[in-house]
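> Here is my input; please provide its structure:
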Amino acid sequence: MPQMYSLELGKAGYIIAKDICKVKPGESVLLTVDSVSDFEPVEAVARAAEALGAKVMVAWHSTLQGYGKTADAMMPAPLKACVPVSDVWVEFNNQGLLYSTPWEEAVNNGRTRYLCLSGMDKAQIVRTLATLDMDLQTKFQSKVVELTKKAKHVRVTTPAGTDILFENAPDRPCLNELDASTPGAHFLLGQIGWAPLEHTINGKIVFDGTFTAGAEADLGILSSPIHLTVEKGVVTDITGGKEAQFVAKFLRDLNDPRVYNIAHFCYGVNPGAKLCGVCVEDERVWGVTVWGMGYQGSVFCGGHGDAVTHADGVCLNSTVYLDGEKLLDEGVVVHPQVAPIAREMGK
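Purely as a prediction, here's the structure:
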């Protein structure tokens with residue numbers, strides 16, 4: 001029986017399996033999904049991977065109640081075993097396995113290509129993947145990465161009150177999320193992220209989009225801003241309304257001072273993404289910036305490293321200065337080397 005988005009999901013599943021994950025005949029492809037997730041996108045990718053000649057396995061399991069290493073003890077043993085031995089692993093879990101111990105084993109084994117699509121339903125998969133012009137997307141993101149890597153000094157402001165400065169390290173990678181063709185961790189396309197020099201990050205960050213630290217601290221779209229004071233790469237104060245108070249208590253109760261470390265900074269550049277309360281899509285809304293706290297993946301080659309969990313917050317309508325020149329102006333791309341490409345993309 002045809003369902004809503006059936007044809008579009010077929011296209012998106014093909015794009016994920018063939019163009020993003022580069023699935024090859026004979027490879028083992030693992031798709032993980034928990035009990036509260038939309039199953040239709042999983043089926044679409046499974047069918048496409050099977051058609052490409054892969055050996056496909058779908059692991060449907062109970063929903064965990066923890067995030068990062070707090071989830072280790074809750075994970076079924078068979079799930080822990082199959083994750084790091086896969087050639088390709090696409091995660092659809094609403095409560096992500098991201099930053100857990102099996103995830104670390106998988107993304108650091110030199111073999112597994114991991115793609116995070118956590119919590120995304122069929123409508124989100126369609127609008128962030130099936131409708132994009134991949135040639136323009138690749139051209140735009142690659143040029144933004146080039147401009148970013150050249151910049152030493154970066155300033156970010158927002159109408160909500162963000163005003164923060166930092167320096168880049170030229171030897172650290174600037175992650176360009178376009179595909180998952182190499183071993184390691186990859187995420188939904190439409191994001192560019194990196195770890196600035198931690199001790200140079202100083203100022204104010206105001207989350208006015210969304211905030212999440214896994215299911216136990218997923219606030220979704222915020223009703224009031226969360227204000228963070230950052231000194232030398234560490235959050236030293238959290239203020240605001242009830243949501244800010246919740247975040248402050250949640251982090252304090254983890255009893256791990258490393259959760260206050262700034263882990264990464266990102267741009268959102270997916271023209272189809274909408275602010276919806278699902279972290280993976282929210283972080284890719286055009287013109288937002290994202291700050292991660294706590295666990296710092298090894299892929300960033302940063303100086304903070306491990307923590308018991310990870311949290312992400314979204315800042316809307318961001319203005320970004322690269323060595324004093326504007327890349328974004330309240331969410332609008334204005335840099336002369338990339339603005340014409342953005343206009344072609346309809347942004």
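> Chain neighbours aside, what residue packs nearest to Asp72?
Of all residues not flanking Asp72 in the chain, Thr101 sits nearest, at 5.1 Å (Cβ to Cβ, 6 or more residues apart in numbering). C-betas here are computed from N, CA, C, even on glycine.
> quick one: contacts for the one you found?
69, 72, 80 (Cβ atoms under 8 Å, 6 or more residues apart in numbering).
> correct me, but Ser35 touches Ala59?
No - if you go by Cβ atoms under 8 Å, Ser35 and Ala59 don't touch, sitting 11.7 Å apart.
> The two - which one has more neighbours?
Set Ser35 next to Ala59 and count neighbours by other Cβ atoms under 10 Å: Ala59 wins out with 19 against 13.
> For the host helix or strand of the more buried one, name the packing helices and strands.
Following DSSP states H and E, one finds Ala59 within strand 55-61. Judged by 3 or more Cβ pairs under 8 Å, 6 or more residues apart in numbering; DSSP states H and E, the packing partners of strand 55-61 are strand 28-34, helix 40-51, helix 77-82.
> tell me the angle the first one makes with strand 55-61.
The one in question is strand 28-34. With axes from the mean of the first three to the mean of the last three Cα atoms, to 10 degrees as the basis, strand 28-34 and strand 55-61 are set at 20 degrees to each other.
> Could you list every helix and strand in contact with strand 28-34?
Strand 28-34 is packed against helix 40-51, strand 55-61, strand 88-91, with contacts defined by 3+ Cβ pairs under 8 Å, 6+ apart.
> Quick check: which of those is buried the most?
Comparing the helices and strands packed on strand 28-34 by mean neighbour count (mean count of other Cβ atoms under 10 Å), strand 88-91 comes out on top with a mean of 27.
> Give the next helix or strand downstream of it.
Assigned by DSSP H and E, the successor of strand 88-91 is helix 101-107.
> I'd like the next helix or strand past that next one.
Taking DSSP H and E, what comes next after helix 101-107 is strand 113-116.
> From the chain's centroid, how far away is that following strand?
A distance of 11 Å separates the centroid of the chain from that of strand 113-116, by Cα atoms, centre = their mean, to the nearest Å.
> and if you look at stretch 330-347?
22 Å.
> Which positions in that stretch come out as buried?
331, 333, 335, 338, 341-342, 345, 347 (16 or more other Cβ atoms under 10 Å).
> Am I right that Val308 falls within a helix?
No - assessed with DSSP: H, G, I helix; E, B strand; the rest coil, Val308 is coil; it does not lie in a helix.
> nearest residue to it other than its sequence neighbours?
Asp256 (4.4 Å).
> From the structure, what's the count of residues near that neighbour?
By other Cβ under 10 Å, 18 other residues sit near Asp256.
> Hmm, it is touching Ala311, no?
No - assessed by Cβ under 8 Å, Asp256 is found out of contact with Ala311, at 11.8 Å.
> Find residues that contact each of those two.
Common contacts of Asp256 and Ala311 (Cβ under 8 Å, 6+ apart): Gly294.
> roughly how far apart are Ile341 and Glu231?
As for Ile341, its distance to Glu231 is 37 Å (criterion: Cβ to Cβ, to the nearest Å).
> wait, Gly272
Relative to Glu231, and taking Cβ to Cβ, Gly272 is found at 37 Å.
> which of these two has more neighbours?
Neighbours per residue (other Cβ under 10 Å) separate Gly272 from Glu231, with Gly272 holding more: 19 against 12.
> The more buried one: what secondary structure?
coil.
> How about it: what's its closest non-neighbour residue?
Leaving aside its sequence neighbours, Gly272 sits nearest to Arg127 (Cβ to Cβ, 6+ apart; 4.2 Å).
> Much appreciated, bye for now.
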